[in-house]
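Peer 1: below are the sequence and a predicted model for it; my questions follow.
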Amino acid sequence: MLHGGTKSYFAAAVCIITLTSMVTLSYFRLQRFSHLPKIIQEGSRCRGKITNSTITALKDNRTFIISPYFDDRESKVTRVIGIVHHEDVKQLYCWFCCQPNGKIYVSKAKIDVHSDRFEFPYGATDIVCLEPQNCDPTHVSIHQSPHGNTDQLPMFEIKNRKAETFSVDFTVCISTMFGNYNNVLQFIQSVEMYKILGVQKVMIYKNNCSHLMEEVLKFYIEEGTVEIIPWPIDSHLRVSSQWYFMQDGTHIGYYGQITALNDCVYRNMQRSKFVVLSDADEIILPLKHPDWKTMMSSLQKQNPQTGVFLFENHIFPKTVSTHVFNISYWNTVPGANILQHVHREPDRKDVINPRKMIIDPRKVIQTSVHSVLRAYGKSVNVPMDVALIYHCRMPLQGNLPRKSLIRDTTLWRYNSSLIMNVNKVLNQTVLRDQK
């Protein structure tokens, strides 16, 4: 009797599991079907106003579009980088217009708010839509409804549609420049160090800066080194200069830094072999190699299938300086002289130093500031004897006596080239009228 009862229970359990699996499978099929593009209009030309703004608010004022990108790494989708309210935005639709037949397809979006929102009500978001199989749309509109008038919707160009060969090896993404930024000398030194190390492009998401800084940026734009992405996020949201939410009524952290970084990854996905995610006061210094190209070649050989390389951050406090490289005419330029700050703070007990990254953008889906959230392949922590991040800023351990700091003159290996290059820039910008 006991044996027969066990068989009955087993059979019932198998039936329940099978039924549950069938219902679950049917649900996911239905979900995918609901996201498939559907024709809602035929035989008309594509309407709507093409927008070139960096940040575009939709009518709900809870959704902000940065830019759409074609992404076929898993399936044929348009991935829209945006910012949304994590609770209020429930449904969004992509409206694709296919030429020359004028068919309009509507595709229900998957709204993927990034996990590192840090309790702010708004966060970086991927708005992902399946594209029509028989069409390669060049533009898309985003709407809260599958119904409406396309004439009233802003249209966004879908970037990365055409495959390109890499135009540069390294692009540095700096986000975000705000607070009337005026650290002119250190910025010039950082850019010139990037160039010495092998960078061809520096992309800056600029909210605002000083007039003097504008002059320096203009020089680098004309030189072809810097590309500016306007970032007027404070025109749309109450921004915080902190990375974590302080219950102060702000909407998003650190001027939307995480959104800008994700946009920079996708913007450079097809044109840069590597993307460097760092701030303007941070420089990844190789210790075993002369530049980033040879360093990354070595790291890739040692770590195949790796798309994310993380470098440890070390603070070189501005409050501790040497008299070496005290260049008198540099003293008239606002900002720190990094050559004079070669003492780094020791590691703190039970505190893990944050890291910044050099990534293969084609292997990254979502990134945060100090690590990636979703990626193809592996992430590797680069040992400190290979490279470290030189981060010249105010101290984190301000009470330490000078003798407790570690003298590290790695930066001085580049001093002659750096001084010569910085002087050239200063003489054509800040010091031009002082001659």
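Peer 2: Noted; the coordinates are in hand.
Peer 1: can you give me the buried ones in stretch 197-206?
Peer 2: Within stretch 197-206, the residues that count as buried by 16 or more other C-beta atoms under 10 Å are 197-199, 201-206. All C-beta atoms are positioned from the backbone trio N, CA, C, and that covers glycine.
Peer 1: farthest-separated two in these?
Peer 2: The most widely separated members of these, counting by C-beta to C-beta, are 198 and 206 (23.6 Å).
Peer 1: do you know how far the closest residue to residue 315 other than its chain neighbours is from residue 401?
Peer 2: Nearest residue to residue 315, sequence neighbours excluded (C-beta to C-beta, 6 or more residues apart in numbering): residue 345, at 4.6 Å. Separation of residue 345 from residue 401 (C-beta to C-beta, to the nearest Å): 12 Å.
Peer 1: the two: who's more crowded?
Peer 2: Neighbours per residue, other C-beta atoms under 10 Å: of residue 345 and residue 401, the larger number sits with residue 345, 20 against 7.
Peer 1: contacting residues for the residue nearest to residue 255 when sequence neighbours are not counted?
Peer 2: Spatial nearest neighbour of residue 255, excluding adjacent residues (C-beta to C-beta, 6+ apart): residue 176 at 4.3 Å. Residues near residue 176 by C-beta atoms under 8 Å, 6 or more residues apart in numbering: 205-207, 231, 233, 254-257, 260.
Peer 1: which SS class is the spatially most central residue of the chain?
Peer 2: Of all residues in the chain, the one closest to the mean position by C-alpha atoms, centre = their mean is residue 261, 1.4 Å from it. State at residue 261, reduced to three classes by DSSP: H, G, I helix; E, B strand; the rest coil: helix.
Peer 1: just to check, it is in contact with residue 172?
Peer 2: No: here residue 261 lies out of contact with residue 172, judged by C-beta atoms under 8 Å, at a distance of 11.5 Å.
Peer 1: give the burial count for the nearest residue to residue 151 once chain neighbours are set aside, as a bare number.
Peer 2: Using C-beta to C-beta, 6+ apart and skipping the chain neighbours, the partner closest in space to residue 151 is residue 47 (4.6 Å). Residue 47 has 15 neighbouring residues, counting by other C-beta under 10 Å.
Peer 1: now swap in residue 330 and tell me
Peer 2: 21.
Peer 1: quick one: contacts for it?
Peer 2: Applying C-beta under 8 Å, 6+ apart, we find residue 330 in contact with 185, 337, 422, 426.
Peer 1: out of the residues you listed, which sit inside strands?
Peer 2: Counting by DSSP state E, no part of those is found in strands.
Peer 1: just the closest of the residues you listed to residue 325, please.
Peer 2: Nearest to residue 325 among these, with distances taken as C-beta to C-beta, is residue 337, at 6.8 Å.
Peer 1: so where's this structure shaky on pLDDT?
Peer 2: 1-35, 39-45, 434-435 (pLDDT under 70).
Peer 1: longest strand anywhere in it?
Peer 2: strand 306-317.
Peer 1: partners of the next helix or strand after it, with directions?
Peer 2: The C-terminal neighbour of strand 306-317 among helices and strands, as given by DSSP states H and E, is strand 343-344. Partners of strand 343-344 in the sheet, by DSSP bridges, are strand 406-407 (antiparallel).
Peer 1: next, the buried residues of stretch 146-159.
Peer 2: 150, 153-156, 158-159.
Peer 1: between the residues you listed, which is nearest residue 56?
Peer 2: When these are ranked by distance to residue 56 (C-beta to C-beta), residue 154 comes first, at 5.7 Å.
Peer 1: how many residues are close by the residue lying closest to that closest one once chain neighbours are set aside?
Peer 2: Leaving out its chain neighbours, the residue that sits closest to residue 154 by C-beta to C-beta, 6+ apart is residue 51, at 4.4 Å. Using other C-beta under 10 Å, residue 51 is surrounded by 15 other residues.
Peer 1: I'd guessed residue 51 sits against residue 156; true?
Peer 2: Yes: with contact defined as C-beta under 8 Å, residue 51 reaches residue 156; the gap is 6.3 Å.
Peer 1: any idea how far the helix or strand hosting residue 64 is from the middle of the chain?
Peer 2: Following DSSP H and E, one finds residue 64 within strand 63-71. The chain centroid and the centroid of strand 63-71 are separated by 13 Å under C-alpha atoms, centre = their mean, to the nearest Å.
Peer 1: and stretch 216-227, which residues are buried?
Peer 2: By neighbour count on 16+ other C-beta under 10 Å, the buried set for stretch 216-227 is 216-217, 219-220, 225-226.
Peer 1: sort out for me which of these are in strands.
Peer 2: Those of these mapping onto strands are residue 226, per DSSP E.
Peer 1: just the contacts of residue 176 now: which is nearest residue 388?
Peer 2: Nearest to residue 388 among the contacts of residue 176, counting by C-beta to C-beta, is residue 257 at 22.2 Å.
Peer 1: other SSEs contacting the host helix or strand of that closest one?
Peer 2: Per DSSP H and E: residue 257 is located in helix 257-267. Applying 3 or more C-beta pairs under 8 Å, 6 or more residues apart in numbering; DSSP states H and E, we find helix 257-267 packed against strand 63-71, strand 77-85, strand 122-130, strand 168-177, strand 201-206, strand 226-230, strand 272-277, strand 364-367.
Peer 1: closest one to residue 406 among the ones you listed?
Peer 2: Of the helices and strands packed on helix 257-267, nearest to residue 406 by C-beta to C-beta is strand 272-277, at 24.6 Å.
Peer 1: and the helix or strand that the closest one is followed by with strand 168-177, angle?
Peer 2: Following strand 272-277 in sequence order, the next helix or strand is strand 282-286 (DSSP H and E). Computed by axes from the mean of the first three to the mean of the last three C-alpha atoms, to 10 degrees, the angle separating strand 282-286 from strand 168-177 equals 150 degrees.
Peer 1: strand 282-286 - contacts with which helices or strands?
Peer 2: helix 184-197, helix 292-302, strand 355-359, strand 387-393.
Peer 1: could those be laid out in a markdown table, adding distance to residue 332?
Peer 2: What follows is these, written out as a markdown table (distance: least, C-beta to C-beta, whole Å):
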| stretch | distance to residue 332 |
| --- | --- |
| helix 184-197 | 9 |
| helix 292-302 | 32 |
| strand 355-359 | 31 |
| strand 387-393 | 19 |
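Peer 1: for the ones you listed, which one sits closest to residue 134?
Peer 2: The nearest among the helices and strands packed on strand 282-286, by C-beta to C-beta, is strand 355-359 at 33.7 Å.
Peer 1: quick one: strands adjacent to that closest one?
Peer 2: strand 272-277 (antiparallel), strand 306-317 (antiparallel).
Peer 1: deepest of those, which one?
Peer 2: Sort the strands paired with strand 355-359 by mean neighbour count, taking mean count of other C-beta atoms under 10 Å, and strand 272-277 sits at the top with a mean of 25.
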